[in-house]
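1. the sequence and its predicted three-dimensional model are supplied below.
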Amino acid sequence: MPHLQRRFGIVAERDAQRITIFDTQNLNVLHVIEDPSLNFTDVIFTSDCTRALATATGDATAESRIVQIDMTQEPPVIIDETPVEISVQDIALTPDNLFAVATDGSSFDPGVEGMVSYSVPDQFTDTLLDLSLQAVAVSPNGNNFILATDIEAGRVRVLEIGVEGNLTDTGDTFLTGPNDQQQPMNVRFHPSGNFAFIANFAGNNVAVFDTTNPNTPALLDNVDTVTAGPQTIITSRSGDQVFVLTRTRVERYRFTPVAPFLALESSFDHNLAIGFPRSGVDQLAYEENLGRLFVSASVSEVLAAFTLEGDEIGRVPGVLANGGVDVCLLQQPQPTPRSTSTHTCKATVVEPNPVSSGDPIAKVPVLLQEVSVQIPMHAEIDFPAVDPVNPERVLEIKTIKKRTFVTQCRLLNLPGATSGQLFISGFVRKNIQYAANPVVDAAGEILSDIKSLTVEVPFDCVTTVEDFITPPVGPFLDTRDEFGYLISKPLGTGFPEKDRLTGSDLSQFHQINSASYNELPYCELVQADIIEIDESLDRTPLVSFFPNTTIGEGTFTRLSEKMILDLTLKLFQKQQVRVNATDDNNEETDSEN
């Protein structure tokens, strides 16, 4: 589908009873899905972006529902609306995309409290009632571990989801701060599943939990936010960056698995009216490949895009955003393979009509000399940055494809000389394929993206060409000569009458010019041989949240290349040469150069 061939996102417009799919790069609306009976609150994509799940509270005539959207159709359509017993708002997905989990979202809204699970392929539900649960998150490492917050109690509750989607309350709850007045508004797992972050709206901090043991999450620290009212927490794909949306700012933190856990890197004012949040509903999304943050402002009712430095890029026109937002980026599809049949065709030999008599003279390229030139080269290559702050982290080089191009090859020689100076310049085009931005999963395997970088490494040198096989013709010089005509006229008063002024006429100018148009010698590249040594300049060990999984592994951002380039060049010049021909008696004549 066309919309799946670009970068896109989805946002809930609760008061407008619609969902909008938008282009995250051009900030324009792609599709709108409307249902006047439903107030869409939160949205989320499956990991492959073929489905979107949404929560919707009903009006006076409709029940609350979990809505499933098929993103592979053009336009995307709702394929299921399953009624649920609770007033659902926040929604999360299991890592295998088989089940969605939703909570009632706000203890301040009337309605039945609890949690519901929803089977994405089979559209059935399982419900836990009489639990005050608002924000919800599912562990990404597949251990069926769920965390859900209770705002009024200031606690986080541990639950489990079975292989068939059945929900179980373990009964274990934990404070999210030093007291029960924190109002935990949002919960987010680290991509490793070993840590979780909770936004304490009233406590004005982010709680960091160790979730290595799913049954007993341990509170590691409460990191104060710069501004009051943290409500949405999201992470980068690698988990090294954590973004927090507050009432007035967007704050970016660097995460490390040891204290201080979260270190503030930057923050900026979003200048939007966020309002009191709906618990767990993510009103912030990070489009990592574009380096853009999207904020859904529930009071301003706008969807705004920002750079990581806080510059507002623009707003998606016509969107009355006051619900959750999510983004997805799919790789461009591969071209459709094409084939064609091959038919046999017949060729007929055509006899040429050569010159058959006399001694023809032809103007053809003549080899002056063939040389081998050795050029030492050195280059330092910086891999492109993911965003202005974070450079591309390279795990290893997979292969380097090289192509040599000569952009200039000029021979300078004096007329009649047996040697000359050859000026050579060009570049080596290098396509570097590498594994980038590695992430260690729960199984201890290193996952990385395969990327490529194309750079041009220039070279420039001058060498002496000696003992021409055939000497170059010319260069012939331009000449300019002047001439005049004899004149004779009287000298005038004061001179003897018989004396006269004899010479050239100064009132006239006469000249002979001769311009020579020489044939310029040129080069042909015959062979290019390269031997090189590549080494990283700033390699650092790969940090893993799983022990003993990355021994000896490391990443780097700069590469040093030392190369020896051997070029074999043929030096030509077009010259007139006498060629052999056959006379009328079919006798071969001698050839002359």
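-> Received, thanks.

2. all contacts plus neighbour counts: C-alpha atoms, from now on.
-> Will do.

3. can you map out the strands along the stretch 101-250 of the chain?
-> In the stretch 101-250 of the chain, the strands defined using DSSP state E, counting those that start in this stretch lie at 114-119, 125-129, 136-138, 145-150, 155-161, 167-175, 184-189, 195-200, 205-210, 218-224, 232-235, 241-245, 249-255.

4. redo those as CSV? Include mean pLDDT, mean neighbour count and distance to residue 288.
-> Shown next, in CSV, are these (pLDDT from 0 to 100; neighbours: other CA atoms under 10 Å; distance: least, CA to CA, whole Å):
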stretch, mean pLDDT, mean neighbour count, distance to residue 288
strand 114-119, 92, 24, 29
strand 125-129, 86, 17, 33
strand 136-138, 95, 26, 21
strand 145-150, 93, 26, 25
strand 155-161, 94, 21, 29
strand 167-175, 93, 15, 32
strand 184-189, 94, 30, 17
strand 195-200, 96, 27, 20
strand 205-210, 96, 24, 22
strand 218-224, 95, 18, 24
strand 232-235, 95, 26, 10
strand 241-245, 96, 23, 11
strand 249-255, 95, 21, 13
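
5. I'd assumed residue 39 was in contact with residue 17.
-> Yes: Residue 17 is in contact with residue 39 according to CA atoms under 8 Å; the separation is 4.9 Å.

6. more neighbours: those two, which one.
-> Each of residue 17 and residue 39 has its neighbours counted (other CA atoms under 10 Å); residue 39 has more, 25 against 20.

7. within the helices and strands, which one has the more buried one?
-> Taking DSSP states H and E as the criterion, residue 39 maps to strand 38-45.

8. what about the closest residue in space to residue 216 that isn't next to it in sequence, distance to residue 126?
-> Distance criterion CA to CA, 6 or more residues apart in numbering; nearest residue to residue 216, sequence neighbours excluded, is residue 172 at 7.9 Å. Distance, residue 172 to residue 126, by CA to CA, to the nearest Å: 20 Å.

9. quick one: pLDDT of the closest residue to residue 426 other than its chain neighbours?
-> Setting aside the residues directly before and after it, residue 426 is nearest to residue 406 in space (CA to CA, 6+ apart), at 4.2 Å. Note for residue 406: predicted pLDDT of 95.

10. tally of neighbours for residue 406?
-> That count, for residue 406 with other CA under 10 Å as the rule, works out to 17.

11. what about it, is that helix, strand or coil?
-> What DSSP: H, G, I helix; E, B strand; the rest coil gives for residue 406 is strand.

12. so it sits against residue 525, correct?
-> Yes: with contact defined as CA under 8 Å, residue 406 and residue 525 form a contacting pair (7.5 Å).

13. overlap in contacts of those two?
-> Shared contacts of residue 406 and residue 525 (CA atoms under 8 Å, 6 or more residues apart in numbering): none.

14. and the nearest residue to residue 245 once chain neighbours are set aside, how far from residue 251?
-> Sequence neighbours aside, residue 232 is the residue nearest to residue 245 in space, at 5.1 Å (criterion: CA to CA, 6+ apart). The gap separating residue 232 from residue 251 is 11 Å, by CA to CA.

15. how about residue 484?
-> 88 Å.

16. can you give me the neighbour number for the residue lying closest to residue 378 once chain neighbours are set aside?
-> With sequence-adjacent residues excluded and distances taken as CA to CA, 6+ apart, residue 378 is closest to residue 562, at 4.6 Å. Using other CA under 10 Å, residue 562 has 15 other residues around it.

17. need the contact list for residue 562.
-> Applying CA under 8 Å, 6+ apart, the residues contacting residue 562 are 376-379, 532-534.

18. so which strand or helix has it?
-> For residue 562, the host element (DSSP H and E) is strand 558-578.

19. next one: that strand to chain centre, how far?
-> 35 Å (CA atoms, centre = their mean, to the nearest Å).

20. could you list the buried residues of it?
-> By neighbour count with 16 or more other CA atoms under 10 Å, strand 558-578 contains the buried residues 558-559, 565-575, 577.

21. okay, now the domains of this protein?
-> Following the assignment in automatic domain parsing, the chain carries domains at 2-329, 361-473+517-578, 479-514.

22. how far out from the middle of the chain is the longest one?
-> This points to domain 2-329. The answer for domain 2-329 is 26 Å, by CA atoms, centre = their mean.

23. still on that earlier bit, give me the distance between the residue nearest to residue 245 and residue 136.
-> Residue 232 is 12 Å from residue 136, by CA to CA.

24. low-confidence ranges in this structure?
-> 1-6, 59-62, 105-112, 276-278, 329-343, 356-357, 386-390, 442, 544-550, 581-593 (pLDDT under 70).

25. could the strands of the stretch 101-250 of the chain be laid out in a markdown table, adding distance to residue 312?
-> Shown next, in a markdown table, are the strands of the stretch 101-250 of the chain (distance: least, CA to CA, whole Å):
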| stretch | distance to residue 312 |
| --- | --- |
| strand 114-119 | 37 |
| strand 125-129 | 41 |
| strand 136-138 | 29 |
| strand 145-150 | 32 |
| strand 155-161 | 35 |
| strand 167-175 | 37 |
| strand 184-189 | 25 |
| strand 195-200 | 24 |
| strand 205-210 | 25 |
| strand 218-224 | 26 |
| strand 232-235 | 19 |
| strand 241-245 | 15 |
| strand 249-255 | 12 |
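
26. how about these, which one is nearest residue 279?
-> Across the strands of the stretch 101-250 of the chain, residue 279 has its closest neighbour in strand 184-189 (4.9 Å, CA to CA).

27. helix, strand or coil for the spatially most central residue of the chain?
-> Centroid check for the chain by CA atoms, centre = their mean gives residue 289 as the closest residue, at 5.7 Å. Secondary structure assignment for residue 289 (three-state DSSP): coil.

28. swap in residue 506?
-> What three-state DSSP gives for residue 506 is coil.

29. and what of residue 279?
-> With three-state DSSP as the basis, residue 279 sits in coil.

30. count the residues that sit near it.
-> As a burial measure, residue 279 scores 30 neighbours (other CA under 10 Å).

31. distance check, the residue nearest to the centre of the chain against residue 543.
-> From residue 289 over to residue 543 the distance is 22 Å, taken as CA to CA.

32. what do you get for residue 363?
-> Distance, residue 363 to residue 543, by CA to CA: 68 Å.

33. who has more neighbours, these two?
-> residue 543 (19 against 12).

34. quick one: secondary structure of that one?
-> Quick answer, by three-state DSSP: residue 543 is coil.

35. with adjacent residues omitted, what lies nearest to residue 397?
-> Spatial nearest neighbour of residue 397, excluding adjacent residues (CA to CA, 6+ apart): residue 434 at 4.4 Å.

36. also residue 401?
-> Nearest non-adjacent residue to residue 401, counting by CA to CA, 6+ apart: residue 431, 5.1 Å away.

37. so how far is the helix or strand hosting that neighbour from its chain's centroid?
-> Assigned by DSSP H and E, residue 431 belongs to strand 419-440. On the basis of CA atoms, centre = their mean, strand 419-440 is displaced by 20 Å from the centre of the chain it belongs to.

38. now it against strand 558-578, angle please.
-> 150 degrees (axes from the mean of the first three to the mean of the last three CA atoms, to 10 degrees).

39. the next helix or strand after strand 419-440 - contacts with which helices or strands?
-> Going down the chain from strand 419-440, the next helix or strand is strand 446-466, by DSSP H and E. Identification of packing neighbours for strand 446-466 by 3 or more CA pairs under 8 Å, 6 or more residues apart in numbering; DSSP states H and E yields strand 361-382, strand 419-440.

40. quick one: closest of those to residue 8.
-> Checking the helices and strands packed on strand 446-466 against residue 8 by CA to CA gives strand 419-440 as the closest, at 22.3 Å.

41. helices and strands around the closest one, which ones?
-> strand 394-412, strand 446-466.

42. ok, now which ones touch the residue nearest to residue 216?
-> The contact partners of residue 172, by CA under 8 Å, 6+ apart, come to 157-158, 215-216.

43. hmm, 10 Å instead?
-> 155-159, 215-217 (CA atoms under 10 Å, 6 or more residues apart in numbering).
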